[in-house]
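Visitor: got a predicted structure here, sequence first:
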Amino acid sequence: MSDSFFSKNENGVIFFAQEVETLSKQRHRFVLDLMGACLDPPHHAWVVTEYLNTTLKEWLHGPGKRPKHRTTPLPPLKERVMRALEIAQGMQYLHEQKPKVIHRDLKPSNIFLDDALHVRVADFGHARFLDDDEMALTGETGTYVYMAPEVIRCEPYDEKCDVYSFGIILNELLTGNYPYIETQLGPAKVTTLILFW
């Protein structure tokens, strides 16, 4: 992590430590493997994981920001469905832990692919541990277009918020389109739509 990460993020140390703690407890073929870490901010903060050089977002849509038109061919449907199945298995593993791991920022740019195109759920900076029957109350945690309505509304939520995010990703994988792309609305307007949904 660069020094600027800690100077720009008041909770940077907390996010970093939480990601390390979450990753250190997980061992699943579709969850990112932690190999080691060092935390002595702001000058020394490293996480060593397996090296993965592409994300689900890049694989599905191509590199860069949201282009207006597809710049790369859509991967075959069978391959897209296989990626969805692997994400589901990784998330099922996390939700079955004691305590449960709730990702809270599940989106294509937080899912990496290895050389054989198998997924690794990653980026646990917003993750939360919940005991059975416990609910979280932290609102607006994640990325709006993938965020469950109850999270946006600052209502109690549990692991089902990740299921909602997975549903948005599943739709994106099946259609090959970004979420809400047909509305031509920015994240703030999409949030308004979800709030009144």
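Guide: Arrived safely, thanks for sending. Numbering: from 1, shown residues only.
Visitor: check contacts around the spatially most central residue of the chain.
Guide: Central residue of the chain (CA atoms, centre = their mean): residue 106, 2.5 Å from the mean position. Taking CB atoms under 8 Å, 6 or more residues apart in numbering, we find residue 106 in contact with 87, 91, 121, 142, 146, 162, 165-166, 169. (C-beta placed from N, C-alpha, C; glycine too.)
Visitor: max pairwise distance over those residues: which two?
Guide: 87 and 142 (15.5 Å; CB to CB).
Visitor: in this structure, which spans are strands?
Guide: Assigned by DSSP state E, the chain shows strands spanning 34-40, 44-49, 54-55, 100-102, 111-113, 119-121, 128-130.
Visitor: deepest-packed of those, please.
Guide: strand 119-121 (a mean of 25; mean count of other CB atoms under 10 Å).
Visitor: with adjacent residues omitted, what lies nearest to residue 121?
Guide: residue 90 (4.3 Å; CB to CB, 6 or more residues apart in numbering).
Visitor: mind checking pLDDT for the one you found?
Guide: Per-residue pLDDT puts residue 90 at 97.
Visitor: looking at the chain, which helix or strand does the model trust least?
Guide: helix 187-195 (a mean of 58; mean pLDDT, DSSP states H and E).
Visitor: got the contact list for residue 165?
Guide: Contacts of residue 165 by CB under 8 Å, 6+ apart are 103, 105-107, 142, 146-148.
Visitor: just these: which has the poorest pLDDT?
Guide: residue 142 (70).
Visitor: so that one makes contact with residue 151?
Guide: Yes: with contact defined as CB atoms under 8 Å, residue 142 and residue 151 form a contacting pair (6.5 Å).
Visitor: who has more neighbours out of those two?
Guide: Using other CB atoms under 10 Å, the more surrounded residue of residue 142 and residue 151 is residue 151, with 24 against 21.
Visitor: gap between residue 107 and residue 48?
Guide: Residue 107 sits 23 Å away from residue 48, taking CB to CB, to the nearest Å as the criterion.
Visitor: got any ranges where the protein has weak pLDDT?
Guide: 1, 41-42, 67-68, 137-141, 181-197 (pLDDT under 70).
Visitor: which one's the longest helix in it?
Guide: The longest helix of the chain (DSSP state H) is helix 77-95.
Visitor: buried residues in it?
Guide: The neighbour-count check on helix 77-95 (16 or more other CB atoms under 10 Å) flags 80, 82-84, 86-88, 90-91, 93-95 as buried.
Visitor: look up how far residue 5 lies from the residue in the chain sticking out farthest from the centre.
Guide: Computed with CA atoms, centre = their mean, the residue of the chain farthest from its C-alpha average is residue 43, at 26.3 Å. Distance of residue 43 to residue 5, given as CB to CB: 11 Å.
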